[in-house]
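*Asks:* Okay, here's the prediction I keep looking at, along with the sequence it came from:
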Amino acid sequence: MDHERYIELISRKIDNDLDENEKKELDEHLQSCDECSKYYHEMKESRELLKGMVDYELGEHDKKQILKKMKDSKAKKTNFKKYLPYAAGIILVLVMVGTTLSNFFIMGRSNDSASDNSGGYNDFDSRDQWEEGISNEGASTDEDNKGQDGIEKTDSSQEFDVSKIIYRGNISLYSEDYKETTDKISVYVDSVGGFIQESNANYYDVSDERSEKSGYMIIRVPTRVFSETMNIIEGYGDAASSGVTSTNITQQYQDVQGELDSYMIQEERLLDYLSKAERIEDMLSIESELTRVRNEINSRLTLLKNWDKEVAYSTIHINIFEKSLPTSSVKSPFENFGKRAREAFVESINFLLKFIVDAAIIVVKFLPFAVAISASAAILGILIRKIRK
Amino acid sequence: MEMEESNIIRNLKKGKNIALETIVKEYGNKVYNLIVKLISDKEDAKDLTQEVFIRIYNNIELFKGNSSFYTWIYSIAVNCSKDYWRKKKETYSLDAMKDVFYSNNKTEDIAEKNELRAIIISEIYKLDADQKEAVILRDIMGFSYSEISEILSISQGTVKSRISRGRHKLRSCLQNLNDHRGGNKDGS
């Protein structure tokens, strides 16, 4: 029996798997070949013999047993899987809390150092006072004057403020109604305890139909409500631009204060000399010197007072333009259409590129966390498995 | 039926009791019957059936719906039986065969038929594992070629050739046995 091909055909014939051509081919062969014909019939016989065998069924008990085993197996298996997300979540939270805490600690430390610094200044000042005290004891002649001086010093050290910062803001606003907006601003400025330093308004006709109003206001508001005021005024119209500049004048302030202090001492001395002077020429020269010193003192006092005011009251420059509403003139919406379309297109492309780059950066940024988290989750998983085993 | 099946699978993935009960009810006997025929040991088949259902439950996530759910289940059963064959090297006794593969056909020559069948089946068990499982699935279980190809994850062509080779080998063995018997009456 070496008809390899017919063996398969016969086998498939038994299973009714032959197509017309194969069937025809095989039937022709079976008629001509006794061996194959015998083979086919024997095959079919033994195949028939295998049919109609009894089917087996499980008892109810067996089925219950299967159910129980299934549940047990899942319970064992899921414990680990079920807690994996929780574990990952906990690790994530830990990482985040850790980062926040470390940030907090770094900030805390810088705060500490800042307060240490100011403490240092205080120490310095009090030592100053203490030295003054000693000199007071030493020079008992002008004890009172010195004492006063000491008190003044203490005052200035109490006034000492690290944040001698002048804030200036400027806003350009477009509003529907110029008058209404300026009114609103003045009411608000009054309510926060500020004042209007300057205001100016222009009215001019652009064409027959419409006139434009514009103007500016300079307002001063207490520094503590500066940013709040900026926000509120920006809300009174369409803010075209707004900006804030700040100048830290702590250094200059301290310098001028020091100069003032030394001039004050000089003044005291001169007064002292004046009271002791006997000759007219002496008195006159002392008097003229005293005048010079007092002028210096006055100019410095004014400067300091101005600075104090600048620091206490922030300046905000507001330019207000009334939005003209061209109701009667027809304006073509297709003006500069090509240019605008091109600009919009370029803008979108830029935005898209930026978005893609940002997304990539974010992905890269979180990569280390993902690696760390998955690594720790894997270790956790292995540990849990080992423990279970 | 399709809808119901996908429902069962979804619930099985969630581990719902009702789904477990449903598949045991639906496939328990079928799987058990297949395994009995594959390993011809009714008691061991119970243990293997348990194993099959545990595997179904724990690997349900791996079932992606590329094949029918029932052929997926049967493929697990066949794989479990393969593991069993590998472990159990000893041959099967004819009496065990007769016990397992008796017919419920009530005809006169039932005893002789059962005897003959047991011989054939014992010869099937001597085939290579690949041919053995293909022949059992086709000739004893009556699965179609396409079902067998899904269960064994092989092409239909391979199924056909495995079955025809298995049958051919089986016939040669039976012929030898007959010749032997014919020549020597007190044999076997």
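*Replies:* Here it is on my side, so go on.

*Asks:* I'd like the distance between A:Cys52 and A:Tyr40.
*Replies:* Actually, residue A:52 is Gly. It isn't Cys. The spacing between A:Gly52 and A:Tyr40, counted by Cβ to Cβ, to the nearest Å, is 21 Å. In short, each C-beta sits where N, CA and C put it, glycine included.

*Asks:* How about A:Val93?
*Replies:* 74 Å.

*Asks:* Just the closest residue of the stretch 101-250 of chain A to chain B, please.
*Replies:* A:Leu101 (38.4 Å; Cβ to the nearest Cβ).

*Asks:* which element is that residue on?
*Replies:* Per DSSP states H and E, A:Leu101 falls inside helix A:60-138.

*Asks:* what's the average pLDDT for that helix?
*Replies:* Mean pLDDT, computed over helix A:60-138, is 63.

*Asks:* Could you do stretch B:60-71 as well?
*Replies:* Per-residue scores along stretch B:60-71 average to 82.

*Asks:* Endpoints of that stretch, how far apart?
*Replies:* The first residue of stretch B:60-71 is 13 Å away from its last residue (Cα to Cα, to the nearest Å).

*Asks:* Let me see the contact set for the closest residue to chain A within chain B.
*Replies:* Nearest to chain A, among the residues of chain B, is B:Ser164, at 3.4 Å (Cβ to the nearest Cβ). Contacts for B:Ser164 (Cβ atoms under 8 Å, 6 or more residues apart in numbering or on different chains) come out as A:Ile7, A:Glu8, A:Ile10, A:Ser11, A:Arg12.

*Asks:* same thing with A:Ile286?
*Replies:* Residues in contact with A:Ile286, defined by Cβ under 8 Å, 6+ apart, are A:Leu270, A:Tyr273, A:Leu274, A:Ala277.

*Asks:* Against A:Leu274, how distant is it?
*Replies:* With Cβ to Cβ as the criterion, A:Ile286 and A:Leu274 are 5 Å apart.

*Asks:* now A:Leu303
*Replies:* Taken as Cβ to Cβ, the span from A:Leu303 to A:Leu274 is 26 Å.

*Asks:* Please apply the same query to B:Gln175.
*Replies:* 148 Å.

*Asks:* Of the two, which one has the most company?
*Replies:* Applying other Cβ atoms under 10 Å in any protein chain shown to B:Gln175 and A:Leu274 shows that A:Leu274 carries more neighbours, namely 14 against 11.

*Asks:* can I assume that one is in contact with A:Ser285?
*Replies:* No: in this structure A:Leu274 lies outside contact range of A:Ser285 using Cβ atoms under 8 Å: 10.2 Å.

*Asks:* Okay, and A:Ser332 sits in which element?
*Replies:* Judged by DSSP H and E, A:Ser332 forms part of no helix or strand.

*Asks:* Looking at the nearest residue to A:Ala240 once chain neighbours are set aside now. What's its pLDDT?
*Replies:* Closest residue to A:Ala240 apart from its sequence neighbours, by Cβ to Cβ, 6 or more residues apart in numbering or on different chains: A:Ser172 at 4.2 Å. In this model, A:Ser172 is scored at 87, pLDDT.

*Asks:* show me where chain A has strands.
*Replies:* A:165-175, A:195-205, A:211-222, A:238-248, A:313-322 (DSSP state E).

*Asks:* need these in CSV with mean neighbour count, can you?
*Replies:* Shown next, in CSV, are the strands of chain A (neighbours: other Cβ atoms under 10 Å in any protein chain shown):
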stretch, mean neighbour count
strand A:165-175, 19
strand A:195-205, 12
strand A:211-222, 18
strand A:238-248, 13
strand A:313-322, 21
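
*Asks:* Pick out the residue of chain A closest to chain B.
*Replies:* For chain A, Cβ to the nearest Cβ, closest residue to chain B: A:Ser11, 3.4 Å.

*Asks:* Pretty sure that residue sits against B:Arg167.
*Replies:* Yes: with contacts counted by Cβ under 8 Å, A:Ser11 reaches B:Arg167, the gap being 5.4 Å.

*Asks:* Find residues that contact each of the two.
*Replies:* Joint contacts of A:Ser11 and B:Arg167 (Cβ under 8 Å, 6+ apart) are A:Met43.

*Asks:* Could you list the low-confidence segments of the stretch 101-250 of chain A?
*Replies:* A:103-162, A:204-211 (pLDDT under 70).

*Asks:* So which bits of it are right by chain B?
*Replies:* With the criterion set to Cβ under 8 Å from any Cβ of the partner chain, the stretch 101-250 of chain A never comes near chain B.

*Asks:* Next, work out how far apart A:Val346 and A:Pro333 are.
*Replies:* For A:Val346, the distance to A:Pro333 - Cβ to Cβ - is 20 Å.

*Asks:* Neighbour count for those two, which is higher?
*Replies:* For A:Val346 versus A:Pro333, neighbours defined as other Cβ under 10 Å are more numerous around A:Val346 (10 against 7).

*Asks:* which residues sit in contact with A:Met283?
*Replies:* A:Leu274, A:Ala277.

*Asks:* so how far is A:Tyr273 from it?
*Replies:* In terms of Cβ to Cβ, A:Met283 sits 9 Å off from A:Tyr273.

*Asks:* Check B:Ser161 too.
*Replies:* 129 Å.

*Asks:* Compare those two (neighbour count), which wins?
*Replies:* B:Ser161 (19 against 15).

*Asks:* element containing the more buried one, please.
*Replies:* Element membership for B:Ser161, per DSSP H and E: helix B:156-183.

*Asks:* Tell me how far that helix lies from the chain's centre.
*Replies:* Mean-position distance between helix B:156-183 and its chain equals 18 Å (Cα atoms, centre = their mean, to the nearest Å).

*Asks:* Name the residues of that helix that are buried.
*Replies:* Buried positions in helix B:156-183, judged by neighbour count with 16 or more other Cβ atoms under 10 Å in any protein chain shown: B:159-171, B:173-174, B:177.

*Asks:* cool, stretch A:249-267 as well?
*Replies:* A:Ile249, A:Tyr253, A:Val256, A:Gln257, A:Leu260, A:Asp261, A:Tyr263, A:Met264, A:Gln266, A:Glu267.

*Asks:* okay, these in CSV with distance to A:Lys23 next?
*Replies:* Below are the buried residues of stretch A:249-267 laid out as CSV (distance: Cβ to Cβ, whole Å):
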residue, distance to A:Lys23
A:Ile249, 108
A:Tyr253, 111
A:Val256, 117
A:Gln257, 117
A:Leu260, 122
A:Asp261, 122
A:Tyr263, 127
A:Met264, 127
A:Gln266, 131
A:Glu267, 132
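
*Asks:* For B:Val78, state which of those residues is nearest.
*Replies:* Closest to B:Val78 out of the buried residues of stretch A:249-267 is A:Ile249 (88.8 Å), distances taken as Cβ to Cβ.

*Asks:* Now for that closest one: which residues touch it?
*Replies:* A:Lys164, A:Ile165, A:Ile166, A:Trp307, A:Glu310, A:Val311.

*Asks:* Kindly reformat those as a markdown table containing distance to A:Val221.
*Replies:* Below are the contacts of A:Ile249 laid out as a markdown table (distance: Cβ to Cβ, whole Å):
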| residue | distance to A:Val221 |
| --- | --- |
| A:Lys164 | 18 |
| A:Ile165 | 15 |
| A:Ile166 | 13 |
| A:Trp307 | 17 |
| A:Glu310 | 12 |
| A:Val311 | 13 |
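
*Asks:* which two from these end up farthest apart in space?
*Replies:* Top of the distance list for the contacts of A:Ile249 (Cβ to Cβ): A:Ile165 and A:Trp307, 10.7 Å.
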